[in-house]
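[1] Predicted model, plus sequence, below.
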Amino acid sequence: MSAMPDRGCTEQATAVKLVRSARGQREVFCGLTGIVWLHRKIQDAFFLVVGSRTCAHLIQSAAGVMIFAEPRFGTAIIDERDLAGLADVNDELDRVVEQLLSRRPEIKLLFLVGSCPSEVIKLDLGRAAARLSRSFEPRVRIRHYSGSGIETTFTQGEDACLASLVPTLVTSERRQLLIAGSLPDIVEDQFRRLFAAMGLDAVAFLPARRANEFPEIGPGTDVLLAQPFLADTGRALTERGCRLLTAPFPFGAEGTTAWLKAGASAFGIGEAAFDDATRDARSRAEASVARYAPELSGKRVFFFPDSQLEVPLARFLSRELGMGLAEVGTPFLHRSHLAAELEMLPADTVVVEGQDVEAQLDRCRAEKPDLTVCGLGLANPLEAEGLTTKWSIELVFSPVHGYEQAGDLAELFARPFVRRLRLAV
Ligand code: SF4
């Protein structure tokens, strides 16, 4: 957890939405959380957190590792001697990495993940990665990024991880569509099949499932972001000559159609081919979402800033399920990536960037929303006050992108009401 002093709130009225910036105390998880889904995605990668026992506990409990499993993440503990400058942390780190890589030959990609403690002692993980690379490449590639909780929120861990990979990808002029953002394999396969059905086979994914399958990129690469929180990754890709496509994100039937269409249009795929390829899946998605509309329509939802998925999810709940938006908080508002999403929100939507948690709690209590989407730390106290809550982190851990998951996404928002009804009977 991290906290900042209250520095107030500014407002910026636009023609269509009221966007406020809030600065104050925050209640968020740190970027280490991303290791939970990234280590499942890249199957021969290992994430070595260089941090404290607190960092180790955080990922152990978030990932819920079985005791007999060989996990693909761990923590090199910085202890009191290191913090006091009594030991050479670099020597210790080299020793840990050597032990790990000699014991685990299946590891092909090692991430050194920075934390609050490693940043406090100014441990230069970039130099450590370069030094270790000289010993272990090409057998093992060694990269580094920061998952620290200083001024960040938990989805920034994935952004930092993917951004660290981009400069090392091989250059290619190949004309291709790159989908950036970690997706469950099953969702990735669905998107690949949909594009193939339109006649587009040159589709690559970042991250890849294995270290030797990472895409080549260059000026022929058009990028669709699958996650709205990939600000640094998007910037790194454009610096390599790739072109970012602007689209809503693939949540719900409407968002998925618009996202796929942005990719299809960039490759000259016509309306007829697009409709033929997507019609059936789109109809299934619309029907499965519609099942939850009677439960959710007319209810009001309040988003605390947490996952950075808030704006696309608010758009989905408002447009496909008829929910009212009491407030849409988001830790950061990446205006260019979210331009299409902001356009689709109702004109009177209040979007709040950043967090001043006490002021926001006051607004939430005054609004009395039917559903509050928030981090774990706020959910229990708000439930105790009688509010119905949804953990925002669950929306990142669950497969929610694309047509086939659209009904599941709607169901995630309907479930808290069912749970409350059960508790009431
Ligand atoms: S990186 Fe920082 S916020 Fe995250 S668990 Fe470690 S000490 Fe806590």
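    Cool, the structure landed.

[2] Any buried residues in stretch 290-299, and which?
    292, 295, 296, 299 (16 or more other C-beta atoms under 10 Å). Where C-beta positions appear, they are placed from N, C-alpha and C, glycine not excepted.

[3] What are the neighbouring residues in contact with the first one?
    Shown here is residue 292, whose contacts under the criterion C-beta atoms under 8 Å, 6 or more residues apart in numbering are 321, 407, 410, 411, 413, 414.

[4] 7 Å instead?
    Counting by C-beta atoms under 7 Å, 6 or more residues apart in numbering, residue 292 touches 321, 410, 411, 414.

[5] which among those residues gets closest to the ligand?
    Nearest to the ligand, judged by C-beta to the nearest ligand atom, of these is residue 411 at 30.9 Å.

[6] For the residue nearest to residue 75 when sequence neighbours are not counted, identify the helix or strand it belongs to.
    Of all residues not flanking residue 75 in the chain, residue 56 sits nearest, at 3.8 Å (C-beta to C-beta, 6 or more residues apart in numbering). Assigned by DSSP states H and E, residue 56 belongs to helix 53-63.

[7] what mean pLDDT does that helix have?
    The pLDDT scores in helix 53-63 average 84.

[8] Can you give me the buried ones in it?
    For helix 53-63, the neighbour count (16+ other C-beta under 10 Å) marks 55, 56, 58, 59, 62, 63 as buried.

[9] From residue 257, how far off is the residue of the chain found nearest the ligand?
    The nearest approach of the chain to the ligand comes at residue 149, 2.6 Å away (C-beta to the nearest ligand atom). Distance, residue 149 to residue 257, using C-beta to C-beta, to the nearest Å: 37 Å.

[10] Show me where the stretch 1-150 of the chain has its strands.
    For the stretch 1-150 of the chain, applying DSSP state E, counting those that start in this stretch gives strands covering 8-13, 18-23, 45-51, 73-77, 109-114, 141-146.

[11] In stretch 271-286, which residues are buried?
    274, 277, 278, 281, 282, 285, 286.

[12] do the same with stretch 308-326
    Buried residues in stretch 308-326 (16+ other C-beta under 10 Å): 308-321, 323-326.

[13] can you pull the contacts of residue 297?
    321, 322, 323.

[14] Packing partners of the helix or strand harbouring residue 319?
    Element membership of residue 319 [criterion: DSSP H and E] is helix 310-321. Judged by 3 or more C-beta pairs under 7 Å, 6 or more residues apart in numbering; DSSP states H and E, the packing partners of helix 310-321 are helix 252-266, strand 300-303, strand 324-330, helix 339-344, helix 406-424.

[15] mean confidence score for it?
    Helix 310-321 comes out at a mean pLDDT of 98.

[16] Which residue, other than its chain neighbours, is closest to residue 210?
    Per C-beta to C-beta, 6+ apart, closest to residue 210 is residue 44, 5.4 Å.

[17] so how many other residues sit close to that neighbour?
    16 (other C-beta atoms under 10 Å).

[18] begin at 13 from here
    Yes, from this point I'll number from 13; that puts the last item at residue 56.

[19] Just the ones in helices from the buried residues of stretch 283-298, please.
    The members of these that map onto helices under DSSP state H are 286, 289, 290, 293, 294, 297, 298.

[20] filter those residues down to the ones close to the ligand.
    With C-beta under 6 Å from any ligand atom as the criterion, no member of those is in contact with the ligand.

[21] And these, which is closest to residue 150?
    Proximity of those to residue 150 was ranked by C-beta to C-beta; the top entry is residue 289 with 39.3 Å.

[22] So for the closest one, what's the nearest residue that isn't a sequence neighbour?
    With C-beta to C-beta, 6+ apart as the criterion, residue 289 has its nearest non-adjacent residue at 3.7 Å, and that residue is residue 209.
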